[in-house]
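Trainee: Okay, sequence plus prediction incoming.
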Amino acid sequence: MTSDATRSGNRPFNCADQLTTTWCERADLCLELLGGIVPAGVELRIADIGCGDRKLREALAGTDIRFSYAGYDLLPQSAEV
């Protein structure tokens, strides 16, 4: 998927590397950290700065953690970012 920012000539930074396991591991680590501090029944408000293809959002969606999510990135890869 080509973003508006890529078409306008901005550098794609590390977009080609986002399929590596490192990015998924970072999302998993974040979930592990959150799981240890989020009280039951609390809804988190997540601002994901540099969200890329929103791996953290996808990881959160697979849990019972209640959350609202806002992703921000210089090279948006989704209309929701």
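Mentor: Perfect, I can see it now.
Trainee: who touches the residue nearest the centre of the chain in this structure?
Mentor: For the chain, the residue nearest the mean C-alpha position is R54 (3.1 Å; CA atoms, centre = their mean). Counting by CB atoms under 8 Å, 6 or more residues apart in numbering, R54 touches D48, Y69, G71, Q77, S78, E80, V81. Backbone N, C-alpha and C define where each C-beta goes, glycine included.
Trainee: Quick check: phi and psi at it.
Mentor: The phi/psi pair for R54 (degrees, to the nearest 10) reads phi 70, psi 40.
Trainee: Can you list the low-confidence ranges for this protein?
Mentor: Residue ranges of the chain with pLDDT under 70: 1-14.
Trainee: Looks to me like A47 is in a strand.
Mentor: Yes. The assignment for A47 by DSSP: H, G, I helix; E, B strand; the rest coil puts it in a strand.
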